[in-house]
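Enquirer: here's a sequence, model it:
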Amino acid sequence: MDLTPVNCFYHLPKVCDIERVALVKLLGIYFTEKLCMTDHIEYIVAVYNHRLYLFCRMKRQSLLIDCLDRIFDAIAVSKLLYASQSGLDMSV
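Expert: Next up, the predicted model:
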């Protein structure tokens, strides 16, 4: 097997006709071939912009604070908490 370093990454040979891709979404998280999180962050920002726009429209409908709080938890907080523990050091 020939492992030649190119830009600090090794190009491994193809394994059983598995197609190589530059970007993959796995369990809701985007991974690039270089494990860069830029694409994932751009996706999350776009989703949040849309969700916050919808939330502001609901707020203008003069919903009760308790309803708005539950809606915000459902559409915003849940997305932030998903997989947030994966990047944290839990040994502290």
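Enquirer: got the buried residues for the longest helix seen in the chain?
Expert: When every helix of the chain is counted residue by residue (DSSP state H), the longest turns out to be helix 38-60. When neighbours are counted by 16 or more other CB atoms under 10 Å, the buried residues of helix 38-60 are found to be 40, 44, 51, 55. Any C-beta I mention is one placed from the backbone N, CA and C, and that applies to glycine too.
Enquirer: closest one of those to residue 20?
Expert: Lowest distance from residue 20 to the buried residues of helix 38-60 (CB to CB) belongs to residue 40, with 18.9 Å.
Enquirer: ok, that closest one - contacts?
Expert: 29-31 (CB atoms under 8 Å, 6 or more residues apart in numbering).
Enquirer: filter the residues you listed down to the buried ones.
Expert: Among those, those classed as buried by 16+ other CB under 10 Å are 30-31.
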